[in-house]
Every structure is written in structure tokens, then in C-alpha cells.
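[1] sequence-free structure coming up:
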Ligand code: GLC
């Protein structure tokens, strides 16, 4: 083998050659570095389905220093050392701390079957991410594949699942970095499954091409990664309300009945889904007129009563001559092809079907045109399912590897495209719906995804099951997606396959209140799941939790808006907030999570337990439901140091508020198109660095991008016997619905001696001695306001 080495300076980096292998190290910013390998000297075209072309990263100055046996590239934040005789990479930070180290003897291998790379793994290293993996939050000790799969009846540890998000974050002693391995072929990740010294990743084709993203804070890693691949846009407000689905509501009459029941029973809800049976013969973009005779009128009527309609529109197109989408696709050559040039046909719901080749702009545009009638009718969202793509009755459950796709003219096969079919499918749908109604935020829901799909569609964790363990798996799958740049996620509340016991459905409904998407769904042949089906006692509890979701909407929407700007997921791993608490990397921490900046949720997710312990992060915490301070019993019981024992009853879900938070809540509405009647509540939980914010806009247009939003920063500060609450001058020109604030200060030791609003004493305040809270009103103003409570 030719082992000549050479080093070349290139813009923002260097190129190191060893024999025929070329390694390019290029910084996108001082903390983000891309590593690209060409095993045979040439790199070929540089394409990505995930990385934004305009991610805003510039080309930083990089200093390259040749040190004989190794060469160092310095970005200002990182030193990237490449060993000239092996091309092994070592990364240090500016303080000289070792962050990442390739396996020195075999940093990588290239074989005809693919390639693999190995990195050192330390004993205290933990791994997070890789999307919807149904194992522990810490992915260590597991191995994974990325190959989008219709994982019917998936179980804990089933792998691969529906999505391929080849991004992970390593956390070690509170310090984090991320790696995004931008490769769409079948790839694999090994985090100590076979070997404790090295972790490893590789793929069966494509390029060894990854981005190293420095922290050290875990939040910074997620923020930077999401800047690279794009963030979830601000969703329409209604999508944060309660969503009801089932496979299927079989007729218009049934839909009217179910939606009517919600309104009659005053159980708030926003979305009704139509699964495949509203269609004729499961043909996408058709309507079964026998069972849905006045579909258009129904959509209108639903809209009148505050319901948003979401329709399933799967990607497969029934191969039936005379069926317009099929005829058009055939005529124009829009379908995925067999190697011999004929259309690939595979069976899905409607029988033999053809598949649009979504990697072509022309095809995406045509696909989009098929949505015109539905959008005109007022349908508000679309559900793209089966887009792994799922193909029935084949051992591989999908298309043969040799089918031909065309990436804007470049022909390639399914090995490269399989994992991005879902992404390109929802890209087509999102762009189409946007083009048809340019000032309305689209809502698209996808099952399959590759990194980048979060820009177009929300997702859910596919066909889970009606078991306690699947309810528990809602946590590591959703937090796993969140840390992987995919924050807008739901799970089928109640479990898709099988029928939940009444208790399980009630517990899961409570959990749904604190998930990013709260959607109840059920498989064909399983029992009804609407909140009232188990009698008045269960109904009352479920209703209480769904109502709480609506009361908490200002906080949820404000948090989601923040997510759309920062990439930090609404539902997040504890360690994102508490990286310096080593307990948060323990398996013990996996039954709890943060919901926004301020709320800690610790649901009961195991059936036969006499309670469980929650790890209480440093500082003071309040019970969300009672406003009472959390008292730890650690003086009496050393084993319980920093822990709280919980044993919630059926009508309870433990939720806690971090001291130093201000939580906005609103009066109850039955759906998000209703304007809340009364003041916006600001619940003040005094404590260090006390902050909160409130964001509002019209909830559905892009007006917010033109300044039509309202944002108020909130803060509080205690000193001596007084507490000052400040509402900063509002940003943006939107006029929010509230005319005043109802400020509720929890943890008030005694009745205040005075309360002043904007410098004037008010007499109209109320002290609740039992709940230890003070309540008073502050008029809404765009100017800064301030209240002082004196004890
Ligand atoms: C798939 C989906 C499920 C849907 C069903 C019928 O199984 O995952 O949510 O109800 O197809 O469309």
C-alpha cells in the first residue's frame, strides 16, 4: 500500500492524505467541524438531504500546524489532531481537555460492504439520541440500525423502527458533544454492545461523513445541531390541543356523533382525524361517498364547532387504470422504477400500488397538486403514513434495493434513498400545502423520517401497544427524538394495538397532557378510546387532565415557540436542564422529564409498584397542583437524599415547578378557536433567577414573521420582605386576547401587608391562608408593568 502522506491547507480546514485515503477536516464554526473521508481519493458530489444550505454558519479562520507525525487544525475553540500514519483523529478543547479520540490502531475500515469507524469510549460516557429508539434514554450498551421500518407490533428494543436520525450526543461528567453522521444508507451504531472500550458507527454505502458538534453544555449541542439541520417551525396553535383519532371513524354519522359527544360533555378537543376508511377502496385523494355522503359539508360543520380536520393521505397510489393519480403518474413517468424501466408495483392498503419518486422536484410538485381540493374544502392537516415506505407481503417489508430513484436527475437506487423517502414525502406535502395556502401554517404528520423531516412534519412513535410498558416507552422515545432535533412528537395515547384497561387509558390521558402532541389513537378491531367510554369516574379524571392541557396552553405554546427558535425540545431529558447533576445520567432518572423550562413531570409508568422515587434536582420545587413546597425527608432517611417518594392515585400525575418560574395559564376553552374569557393567569413561584415569558399570536398565520406577535418577558425578585414581579414592555405588534393578568404568588408565608401595582397600592388582593397564595390583578399594558408584594 502506498503510505505517502500529504497535508494541504483548504478554506477553514485541512486535507490530510494517507495513500489513497483523503480526510478533509473543515470547520463550519469554531465548535462545529465536518470530517469527510474519500477512500479512493475522490469525494464526488457533496449532497445532503438534511443539512441546510443556508444554515448561517460562516467559514471561520483555521490555523493548520504541521507537527511532523501529526498535523493540528485549530479553530479557536477546538484543536483537531490528525495522526499522519493512521489518520486517527483526536479532538481537544481550548483548555487542552480531551474530548474525542479515534481508536488509534484501527480508526476506520473501508471494505466492499461498507465502512466503519471506532472511537474510544470511557467508562462514564453516556449516549443519547438516534431518534425513536425504544430502549433506555441512555443508549449505551445497545446497538442500532438505521433502516426505516414499518415495525408493526414493535416491542421494547425492537430495532430498527420507523425513523433514521443518525445523530447522537455523548455526555461525560456533564460535558457533551454531538455527532451527526449524515449518511442515508443502512447504517449502524454500537455503543458498547460488543465492546466496552470503543463505540462505533458505519454504513453499508455512501460516505463516511460526519459533523462533530462541541458543547460542552448539552443544550448547546442540541441548539447547534438543530441550526445545522433546521428547526421545527412554529406549529399552528390547534395542534397543541387535544387530538382524537381512530382507525377508523367509519362514517360521517360516526364522526358527527363522536365530535358531538365531546362538545356535549364539554371535553375540550381540537382535532379529528380521518384514517384510511374515509377513502374509496383506500385510494388516496378519494372520498367514499356511500359512507361520507356530504364530506365537504361535514368539514365545514366541524369547523363551525371548532374542530380541525386532518386526513390521512398515504404515499402509495393504487395501480388501477382510470384512477387519476395513477394515470397521471404513469403518463409522466413519476413513479419509482424497476431496473428494467417498468414501474415498481407493490401491495399496500389498496392492493398493488405505485410509488411517487419524491426525490424529484417535478414529482413533489405534482403530488402537491393532488391536495388542492382538500385544502380548498378547509381540511387543516395531512397525515403521511406508511412512508418508510411500507410494502406488504415482502420479507424486507419495503422496496427491493435495486429500484431506481432519481435525485433531480441523478439516478440512484433504494439503498441510498430508502431512509429519506419519508422526509421527501413530507417535504412534498408541506411545500404543497404551503403553496396552496401561503399564509397558513401547514400541519403534516409523518411516521417515517430522516434528519431534516422536522422542518416539515410532526411525528409520532408509530404502532405502539396498549400496555403499561409501552406507556413507559413514551418517555425514552419522545425525549430521544427531542434531543435528536425532532421536538414535535406524540405517541398513540392509550396504545394503538390491543385495548387498554380503563386505568391505563386514564393514566395515559394524564401523561398526554404533558406530551408535545396529545393524540389519542387506536387500531382497527380494538375497543373505543374516547374519554367517556369507561364510565363517569374515568371520564371525569380524563376530562380534568384534558382541561388542564387547555389551561396550560399559554405555557405550552410559549415553550413551543422557544423550541422553534432554539431547537431545545419542549419535552426534554433531565440532563439538558441539569448537566452538572450526575444522577441525571443514571437509569434512575429515566422515569422523569422536563416539560419546558419549568415543569418536571414524573408519571407513574409501572403498574405493580408501591410508588417510586423521583430524583429532585437542586433547589426548591413546588407541587404544580397544590402550589405547596416539596419537602424532602432526607434528614429522616439518608437513602432518600435528593429523592421524593411518589405514589400517585389514579386521578393524579406528579408535576413539579422549579422555584424561580412564572407559568402563564388561561381560562378554560373548549377548543383553541375560542377566545379565553378572563385574565391571563401568571403563577409566580419565587426563587433564584426568577423568569418566565408569554408568547402569543394569531395561532395560524405567518403574521408572526412580520412582527405580528406579542412577547412579554416576566421576572420576579425577592428582597427582604418584598417580592417584585415585573412584566417587561411587550415586543411585537400583536394585540393579545387578555385585558389583564391575574397574578398568583405561591408560597406566600403570610398575608401581605400591601400590594402595589405600578407604584399604586391596591386593596383588592386576596390571600389564601390554606394554599399560601396571594392573588391580584394587573391591567394589561404594552408598557412595562410592575407589582410589589410586601409581607
Ligand atoms: C398504520 C399506522 C396507523 C394507522 C393504520 C391505518 O398502522 O401506523 O396509525 O391507523 O396504519 O392507516
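    Received, thanks. What you see is a predicted model, and the numbers here were worked out from it, not measured in a lab. Residues are numbered from 1 along each chain as shown.
[2] Give me the phi and psi for residue 629.
    phi -60, psi 140 (degrees, to the nearest 10).
[3] give me the beta-bridge partners of it?
    Taking DSSP bridges as the rule, residue 629 bridges to residue 622.
[4] got the contact list for the residue nearest to residue 474 when sequence neighbours are not counted?
    The shortest distance from residue 474 to any non-neighbouring residue, by C-beta to C-beta, 6 or more residues apart in numbering, is to residue 491 (4.4 Å). Heads up, the C-betas are built off the backbone N, CA and C, glycines and all. Contact analysis of residue 491 by C-beta atoms under 8 Å, 6 or more residues apart in numbering lists 460, 461, 464, 474, 477, 478, 515.
[5] repeat for residue 295
    252, 278, 287, 289, 377.
[6] Let me know how buried the residue lying closest to residue 348 once chain neighbours are set aside is, in neighbour terms.
    Counting by C-beta to C-beta, 6+ apart, residue 316 is the residue found nearest to residue 348 once chain neighbours are left out, at 4.2 Å. Look at residue 316: counted by other C-beta atoms under 10 Å, it has 27 neighbours.
[7] Find the closest residue to the ligand in this structure.
    residue 247 (3.5 Å; C-beta to the nearest ligand atom).
[8] can I assume that residue is in contact with residue 276?
    Yes. Shown here, residue 247 and residue 276 form a contact pair, counting by C-beta atoms under 8 Å, at 7.1 Å.
[9] List the single closest residue to the spatially most central residue of the chain in space, sequence neighbours excluded.
    Taking C-alpha atoms, centre = their mean, the centroid of the chain lies closest to residue 487, which sits 1.8 Å from it. Excluding the flanking residues, the one nearest residue 487 by C-beta to C-beta, 6+ apart is residue 569, at 3.6 Å.
[10] Over to residue 125?
    Beyond its immediate neighbours in the sequence, the residue positioned closest to residue 125 (C-beta to C-beta, 6+ apart) is residue 172, lying 4.5 Å away.
[11] same check, this time on residue 149
    Using C-beta to C-beta, 6+ apart, the nearest residue to residue 149 is residue 160, at 5.0 Å.
[12] For this protein, list the residues in contact with the ligand, please.
    247, 275, 276, 312, 385, 447, 462, 463, 521 (C-beta under 6 Å from any ligand atom).
[13] Relative to residue 122, how far out is residue 100?
    In this view, residue 100 and residue 122 are 11 Å apart by C-beta to C-beta, to the nearest Å.
[14] Those two - which one has more neighbours?
    Each of residue 100 and residue 122 has its neighbours counted (other C-beta under 10 Å); residue 100 has more, 17 against 13.
[15] and that one, that one's in a strand?
    Yes. Residue 100: assigned to a strand according to DSSP: H, G, I helix; E, B strand; the rest coil.
[16] What's the local residue count around the nearest residue to it once chain neighbours are set aside?
    Nearest non-adjacent residue to residue 100, counting by C-beta to C-beta, 6+ apart: residue 91, 4.1 Å away. The local packing of residue 91 (other C-beta under 10 Å) involves 20 other residues.
[17] picking up where we left off before, I'd say the residue nearest to residue 348 and residue 387 touch.
    No. Between residue 316 and residue 387 there is no contact, the gap being 9.0 Å when judged by C-beta under 8 Å.
[18] which element follows whatever helix or strand residue 116 lives in toward the C-terminus?
    Using DSSP states H and E, residue 116 falls within strand 114-120. Counting by DSSP H and E, the next helix or strand C-terminal to strand 114-120 is strand 125-129.
[19] What is the subsequent helix or strand relative to that following strand?
    Once the chain leaves strand 125-129, the next helix or strand it forms, by DSSP H and E, is strand 142-146.
[20] Mean confidence (pLDDT) on that following strand, please.
    Across strand 142-146, the average pLDDT comes to 98.
[21] Going forward, count from 16.
    Fine by me, first position is 16 from now on; the one you just mentioned is strand 157-161.
[22] before we move on, back to that, in contact with the residue nearest to residue 363, which residues?
    By C-beta under 8 Å, 6+ apart, residue 331 lies in contact with 299, 361, 363, 364, 365, 368, 369, 370, 401, 404.
[23] between those, which is closest to residue 699?
    Closest approach between the contacts of residue 331 and residue 699, by C-beta to C-beta: residue 401, at 47.6 Å.
[24] The closest one should be in a helix, yeah?
    No. Residue 401: not assigned to a helix; according to three-state DSSP it is coil.
[25] Helix, strand, or coil at the closest residue to it other than its chain neighbours?
    Excluding the flanking residues, the one nearest residue 401 by C-beta to C-beta, 6+ apart is residue 329, at 4.7 Å. Applying three-state DSSP to residue 329 yields a three-state assignment of coil.
[26] in terms of contact, does residue 329 touch residue 363 like I think?
    Yes. Using C-beta under 8 Å, residue 329 is in contact with residue 363, at 7.1 Å.
[27] Now for the two: what residues contact both?
    Common neighbours of residue 329 and residue 363 (criterion: C-beta under 8 Å, 6+ apart): residue 401.
[28] returning to what we had before: so what does the residue nearest to residue 140 look like in phi/psi?
    According to degrees, to the nearest 10, residue 187 has phi -140, psi 120.
[29] per-residue confidence for it?
    Looking at residue 187, its pLDDT is 96.
[30] can you check residue 20 too?
    In this prediction, residue 20 carries a pLDDT score of 89.
[31] go on, residue 286?
    So residue 286 comes in at 99 (pLDDT).
[32] ok, for it, nearest residue in space, not its chain neighbours?
    residue 258 (3.9 Å).
[33] Mind listing the strands the helix or strand that neighbour falls within pairs with, and their directions?
    Counting by DSSP H and E, the element that carries residue 258 is strand 257-259. Sheet pairing for strand 257-259, assigned by DSSP bridges, gives strand 286-289 (parallel), strand 533-535 (parallel).
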